[in-house]
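> Whatever this is, show me its structure:
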Amino acid sequence: MVNRIVVGAHYGLRDWLAQRVTAVVMLAYTLALVLFLLVMPSGFAGWKALFACTWVRLLTQVTVLALLLHAWVGVRDIWMDYVKPVGVRLTLHVLTILWLVSCFIYSVKVVWGL
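Residues are numbered from 1 along each chain as shown. Below you'll find the model as predicted:
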């Protein structure tokens with residue numbers, strides 16, 4: 001009998017599910033936005049009226065979080081699969097996290113006008 005050495009953090013099912021759930025959230029938001037674009041008055045006034053609603057801002061922020069989680073799972077898997085030196089991989093993980101957190105902070109500034 002051959003002993004199999006199992007390595008890694010066992011992210012498989014959780015990551016697969018996270019990718020699917022975040023994709024559904026982004027799809028639903030995109031479809032809702034497209035439907036609104038079809039019926040809203042054109043121009044800046046329409047956008048201003050849409051984002052004057054707190055629930056639209058909240059849904060937008062939830063969608064941005066879904067996008068960032070989706071990106072994290074995908075990019076982290078790329079680093080884990082293709083970057084073999086542990087130090088380089090750790091550096092790339094940290095830089096990716098810093099970039100995603102920065103994107104989140106900027107999205108809060110844009111969506112909520114802070």
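> distance of Met40 from Val62?
Applying C-beta to C-beta, to the nearest Å, the value for Met40 to Val62 is 21 Å. To be clear about C-beta, it is placed using only N, CA and C from the backbone, and glycine gets the same treatment.
> Trp16 now?
From Trp16 over to Val62 (counting by C-beta to C-beta), the distance is 21 Å.
> List the buried residues of the helix or strand where Val88 lies.
Assigned by DSSP states H and E, Val88 belongs to helix 86-112. Neighbour counts over helix 86-112 (16 or more other C-beta atoms under 10 Å) mark Leu92, His93, Thr96, Leu100, Ser107, Val111 as buried.
> Closest to Val34 out of those?
Nearest to Val34, judged by C-beta to C-beta, of those is Val111 at 18.6 Å.
> show me what contacts the closest one?
Contacts for Val111 (C-beta atoms under 8 Å, 6 or more residues apart in numbering) come out as Phe51, Arg57, Thr60, Gln61, Val64.
> who's in contact with the fourth one?
Just to be clear, that refers to Gln61. Per C-beta under 8 Å, 6+ apart, neighbours of Gln61: Ser107, Val108, Val111, Trp112.
> I am finished for the moment; much appreciated.
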